[in-house]
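1. A structural model of the following input is requested.
(2 chains, ligands or ions: 1)
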Amino acid sequence: MAQQSRFEELALPYRDAAYNLAYWIVRNSDDAEDVVQDAYLRAYRAFNGFRGEEMRPWLFAIVRHCAYRLLKVRKRTYDLVPLDETNSPDVASGDPSAEDTLIEAVNAQHVRAALAELPLAYRDVVVLREMESLSYSEIAEITGVPIGTVMSRLSRGRALLRKAMKGRETESGSDAL
Amino acid sequence: MRCEDVQNELSPYLDGALPIEQQKAIGSHLEACRRCAAHLDDYRRIGRTLREKVIERAPAGLQERIRAGLEKEEHEQSRGAPWQSRRFIAQAAALLLVAGLSGAGGWIAATTGSRTPPLAHDVMTAHVRSLLQDNLMQVASSDQHTVKPWFAGRLDFAPPVQDLATQGFALKGGRLDYVGSRRVAAVIYMRRQHVINVFTWPSDPSHPLPSLSQSSNGYNSVRWTSGGMVYWAVSDLNMKELGEFQALLSAA
Ligand SMILES: [Zn+2]
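-> Sure thing, here's the model as predicted:
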């Protein structure tokens, strides 16, 4: 019982963040809730092996693992690893006159849609960095890839988001405000 | 600096993740270049929007449902479902401890020769824990060139990782674990359906660990030191094949 309350005290404060991470991996609120409940149970069972490390990355790694497993079960694994991972980010490619002007208005609905369409390998890194403000090394720990890969995925993810925003801006004309 | 180069580094620049000289160089480019500054501003505004308007809120009652799940788990532990229970792990650990202390080929007395059993106990529970939980591997790969770099930056030493698939010991991946109070590498191999955890850490010349071959509670283990590293392989694989595995690893 003491164990349970200690676990709750350490882990429950991150439930909203855990849900947000799960949601942006599975992109569906019912699945996200299942993932979070499953992850908390697994974390609790494993709590004996938890030795005073940082709770948040440890918990997020479990959440992410459960979310990926659910996707795998659903066979929606097509976007797990980006094809151009080994290439340089090449952020600045494209028509410079179109690329380098300021996005006129950052519309939340557009950002939402752009994030939802981001390949998963970039999406979870962007969520962990931009929404949860985790460090590169924490993200490396959670995702199990080297820090350099975190850096390049984040670079690519941000560039793709910006590109998508520009595309939407052009589509909807100047009424993006 | 060329704009293209600057724009390729804007993401790590924004996070302050570049070496200080590069941060400075990009900073002064941004003061002079409106286009690159606008690009960075896009990143900033998209980031802020993600934080402020795109975060998903957890549904009402999530906390209660998580707690109810934990309560249920506690109750189920008292009746059955042992392999899924946290208590089982504690009991398995306790069992190992007792087996060791009772002597006669036990882990602990045989390994350290002292009354306290820290290493053998930790290695054993780490192995059992890795099987019970869903965290056998933190990096899953049969490619040593993927597994090796994964450890870099996570450990202050480079654990040897071999691909022995052609000899029947397939590399599966790696994981960080704890033995004693130190972080160690766990490299995972498979022989048929048998998981082999190889725990590795630098040996301490002032406290050399003798080679060791042990059977206990259905698990076999082999320990040896080579090239300044301690290796400790644990598996439910039979001792003969575990010995072959050891020979292959130390020969490579
Ligand atoms: Zn520029």
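
2. Contact partners for residue 62?
-> Since you didn't name a chain, this refers to chain A. Neighbouring residues of A:I62 by Cβ atoms under 8 Å, 6 or more residues apart in numbering or on different chains: A:A39, A:R42, A:A43, A:A46, B:N135. Yep, even glycine has a C-beta here, placed from its N, CA and C like the rest.

3. actually chain B
-> Taking Cβ under 8 Å, 6+ apart as the criterion, B:L62 is in contact with A:R15, A:D16, A:Y19, A:E33, A:V36.

4. can you put the residues you listed in TSV and add pLDDT and distance to A:R168?
-> TSV is the format used below for those (pLDDT from 0 to 100; distance: Cβ to Cβ, whole Å):
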residue	pLDDT	distance to A:R168
A:R15	94	32
A:D16	94	28
A:Y19	97	27
A:E33	94	29
A:V36	96	30
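
5. Out of the residues you listed, which two are the most distant from each other?
-> Pairwise distances across these (Cβ to Cβ) peak at 11.8 Å, for the pair A:D16 and A:E33.

6. ok, A:M165 - contacts?
-> Neighbour list for A:M165: A:I103, A:V106, A:H110, A:V111, A:A114, B:D42, B:I46 [criterion: Cβ under 8 Å, 6+ apart].

7. ok, so of these, who is nearest the ion?
-> The shortest approach to the ion among the contacts of A:M165 belongs to B:D42, at 13.4 Å (Cβ to the ion).

8. Which among the contacts of B:L62 count as buried?
-> Among these, those classed as buried by 16 or more other Cβ atoms under 10 Å in any protein chain shown are A:R15, A:D16, A:Y19, A:E33, A:V36.

9. any idea which element the second one lies in?
-> Per DSSP states H and E: A:D16 is located in helix A:15-26.

10. What is the very next helix or strand once past that helix packed up against?
-> For helix A:15-26, the following helix or strand on the C-terminal side (DSSP H and E) is helix A:29-45. For helix A:29-45, the elements it packs on are helix A:2-11, helix A:15-26, helix A:55-73, helix B:62-77, helix B:86-101, judged by 3 or more Cβ pairs under 8 Å, 6 or more residues apart in numbering or on different chains; DSSP states H and E.

11. Let's see that with 7 Å instead.
-> Here helix A:29-45 is seen to pack against helix A:2-11, helix A:15-26, helix A:55-73, helix B:62-77 when contacts are counted using 3 or more Cβ pairs under 7 Å, 6 or more residues apart in numbering or on different chains; DSSP states H and E.

12. where does B:R182 fall, phi/psi-wise?
-> phi -110, psi 150 (degrees, to the nearest 10).

13. How about the contacts made by it?
-> Residues near B:R182 by Cβ atoms under 7 Å, 6 or more residues apart in numbering or on different chains: B:W201.

14. hmm, back to that, and for the helix holding A:D16, what are the contacting residues?
-> The set of residues external to helix A:15-26 that reach it, using Cβ under 7 Å, 6+ apart, is A:29, A:32-33, A:35-36, A:39, A:59-60, A:63-64, A:67-68, A:70-71, A:115, A:120, A:123-124, A:127, A:131-132, B:55-58, B:62-63, B:66.

15. my guess is B:S211 contacts B:V222, does it?
-> No. In this structure, B:S211 is not within contact of B:V222 by Cβ atoms under 7 Å, at 8.0 Å.

16. Of those two, which one has the most company?
-> Neighbour count, other Cβ atoms under 10 Å in any protein chain shown: between B:S211 and B:V222, B:V222 has more, with 22 against 11.

17. Quick check: which element contains the more buried one?
-> strand B:219-226.

18. Which other helices and strands does that strand contact?
-> helix B:118-132, strand B:212-216, strand B:229-235, helix B:239-251.

19. So for B:F151, which of those sits nearest?
-> It's strand B:229-235; of the helices and strands packed on strand B:219-226, that one is closest to B:F151 (Cβ to Cβ) at 12.5 Å.

20. Check which residues of that closest one are buried.
-> With burial defined by 16+ other Cβ under 10 Å, the residues of strand B:229-235 counted as buried are B:M229, B:V230, B:Y231, B:W232, B:A233, B:V234, B:S235.

21. and if you look at stretch A:147-159?
-> Within stretch A:147-159, the residues that qualify as buried are A:I147, A:T149, A:V150, A:M151, A:S152, A:R153, A:L154, A:S155, A:R156, A:G157, A:R158, A:A159, counting by 16+ other Cβ under 10 Å.

22. So which of these sit within helices?
-> Within the buried residues of stretch A:147-159, residues falling in helices by DSSP state H are A:I147, A:T149, A:V150, A:M151, A:S152, A:R153, A:L154, A:S155, A:R156, A:G157, A:R158, A:A159.

23. can you state the direction angle for the helix or strand harbouring B:M190 and helix B:118-132?
-> Per DSSP H and E: B:M190 is located in strand B:182-191. For strand B:182-191 against helix B:118-132, the angle by axes from the mean of the first three to the mean of the last three Cα atoms, to 10 degrees is 50 degrees.

24. now strand B:182-191 against strand B:229-235, angle please.
-> In terms of direction (the same axes, to 10 degrees), strand B:182-191 departs from strand B:229-235 by 50 degrees.
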